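Peer 1: The following block contains a protein sequence and its predicted model.
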Amino acid sequence: MSSDFEGYEQDFAVLTAEITSKIARVPRLPPDEKKQMVANVEKQLEEAKELLEQMDLEVREIPPQSRGMYSNRMRSYKQEMGKLETDFKRSRIAYSDEVRNELLGDDGNSSENQLIKLREERAHLLDNTERLERSSRRLEAGYQIAVET
């Protein structure tokens with residue numbers, strides 16, 4: 001059973017990496033490609049949710065003495081999924097702001113827009129730092145489990 005779970009984990013890791021990459025590219029794409037990318041990311045987010053559901057089912061079938069470790073992993077993956085959805089919403093908001101500015105003829109050179117962009121970049125950097133810290137803690141926990149075994 002745990003081998004199925006680990007397979008799902010690997011699929012989830014690959015899928016979330018692809019989603020993260022695509023989310024980062026959305027604001028820099030031409031408008032027609034943005035629409036395709038947004039639709040693609042939405043599809044992949046649904047796929048990731050389905051993987052999480054499968055993983056959750058696998059955890060339920062694991063014996064109770066081993067279930068705690070897998071439950072912790074699931075919590076972490078669910079948090080990561082929530083973070084991806086939040087990042088995606090932010091990129092879509094940035095995308096819609098760009099479209100609005102294009103339609104209104106705003107060239108984006110005003111100091112207010114620059115301040116907003118700086119705040120968004122800072123928030124993005126802080127989010128990435130949090131993600132790195134979470135990943136580091138997860139790796140350390142995995143290392144501790146490996147050492148204990």
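Peer 2: That came through, no problem.
Peer 1: Now do the longest helix along the chain: distance to the chain's middle.
Peer 2: Looking across the chain with DSSP state H, the single longest helix is helix 64-104. Taking CA atoms, centre = their mean, to the nearest Å, one finds the center of helix 64-104 at 4 Å from the center of the full chain.
Peer 1: State the mean pLDDT of that helix.
Peer 2: The predicted model assigns helix 64-104 a mean pLDDT of 80.
Peer 1: tell me which strands and helices that helix is in contact with?
Peer 2: Where contact means 3 or more CB pairs under 8 Å, 6 or more residues apart in numbering; DSSP states H and E, helix 64-104 is packed against helix 2-25, helix 31-61, helix 111-148. Yep, even glycine has a C-beta here, placed from its N, CA and C like the rest.
Peer 1: Name the surrounding residues that touch stretch 39-50.
Peer 2: Outside stretch 39-50, the residues that touch it by CB atoms under 8 Å, 6 or more residues apart in numbering are 12, 15, 16, 18, 19, 22, 23, 26, 81, 84, 85, 88.
Peer 1: wouldn't the fifth one be in contact with residue 81 here?
Peer 2: No: contact criterion CB atoms under 8 Å: residue 19 and residue 81 do not qualify, at 9.5 Å.
Peer 1: re earlier: the helices and strands packed on helix 64-104: which one's closest to residue 71?
Peer 2: In terms of CB to CB, the element of those nearest to residue 71 is helix 31-61, at 6.1 Å.
Peer 1: From residue 45, how far off is residue 29?
Peer 2: 18 Å (CB to CB, to the nearest Å).
Peer 1: hmm, back to that, could the helices and strands packed on helix 64-104 be laid out in a markdown table, adding mean pLDDT?
Peer 2: Below are the helices and strands packed on helix 64-104 laid out as a markdown table (pLDDT from 0 to 100):
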| stretch | mean pLDDT |
| --- | --- |
| helix 2-25 | 88 |
| helix 31-61 | 89 |
| helix 111-148 | 85 |
